[in-house]
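>>> Take a look and give me a structure for this.
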Amino acid sequence: RTNGHPSIGMVVLKEPDANTVDVAERVMERLEELRAILPADLDFVTIVNQAPDIQSSIDSLQREATFGALFAVVMIFLFLLSVRPTLVISVSIPTSILGGLIIMGWQGMSLNILTLGGLAIAVGRVVDDSIVVLENVYRHIGRGEDRVTATLTATREVAMPIITSTLTTIAVFAPLGFVGGFIGAFFVPFALTVTYALVASLVVALTVVPVL
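Sure, this is the predicted structure:
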């Protein structure tokens, strides 16, 4: 805006992979750089900037997902009343989420309100397979079997049931991936995020948990 009269300009950022918050922050930085070299009577007026609200929502989702994971661990301890299995299950939560994030990154997905919401919902579900495997392992150990034999036998016994259970849950979210149009832009990332986290949790339950 020059001498009180509005004008329109354009700031070009050559960062096609940047997310909305990064773009907004870099635009503001670029405007500050331009302010120093442009005439003194020129002023910049920000009409709309959704970046602070988006960042606040992302921070809130991250916080709630963390609390959800902690509450899940507490509930597991209250039912198992043992520190060691609780620690094993606790490891499976971040490992499963990390696996889901790796798949998301491989697919070119970014962290945003929708994908973080999917991860927050998946936090309570990723421990299910691990709990089934761990409980069956302890049942075999209680029969007097050595740990290696008990682990291998117990994991084989429940492998197919937990695979079926996980695929059934994924099948519930699968139809959301076929929603088209504007609504699909919201539901597809959410459904894919939950699916990737569940797939990662299945792999963790059949590999990491038995080893631990």
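
>>> okay, CA-based contacts and neighbour counts for the rest of this
Fine.

>>> Please look at Ile170 and Ala200 and confirm they touch.
No. Look at Ile170 against Ala200 with Cα atoms under 8 Å: they stay out of range, at 11.9 Å.

>>> What score does Gly99 have for pLDDT?
With respect to pLDDT, Gly99 has a value of 90.

>>> coming back round to it: tell me which of Ile170 and Ala200 has more neighbours.
Neighbours around Ile170 and Ala200, counted as other Cα atoms under 10 Å, are more numerous at Ala200. The numbers are 22 against 19.

>>> Report the buried residues of the helix-or-strand element of the chain with minimal mean pLDDT.
Across the helices and strands of the chain, mean pLDDT, DSSP states H and E gives its lowest value to helix 51-80, namely a mean of 78. By 16 or more other Cα atoms under 10 Å, the buried positions in helix 51-80 come out as 51, 55, 57-58, 61-62, 65, 68-69, 72-73, 76-77.

>>> Between all of those, which two are separated the most?
Across these, the longest distance by Cα to Cα is 39.3 Å; it joins Ala51 and Phe77.

>>> So, low pLDDT: which residues of this structure?
1-19, 61, 177 (pLDDT under 70).

>>> so where do the helices sit in it?
20-37, 51-80, 83-106, 113-123, 127-142, 147-173, 181-206, 208-211 (DSSP state H).

>>> want to try JSON lines for the ones you listed, with distance to Asp43 as columns?
Shown next, in JSON lines, are these (distance: least, Cα to Cα, whole Å):
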{"stretch": "helix 20-37", "distance to Asp43": "8"}
{"stretch": "helix 51-80", "distance to Asp43": "21"}
{"stretch": "helix 83-106", "distance to Asp43": "40"}
{"stretch": "helix 113-123", "distance to Asp43": "33"}
{"stretch": "helix 127-142", "distance to Asp43": "54"}
{"stretch": "helix 147-173", "distance to Asp43": "49"}
{"stretch": "helix 181-206", "distance to Asp43": "36"}
{"stretch": "helix 208-211", "distance to Asp43": "58"}
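
>>> so of these, which one's packed in deepest?
Mean neighbour count, computed with mean count of other Cα atoms under 10 Å, is highest for helix 113-123 among the helices of the chain, reaching a mean of 23.
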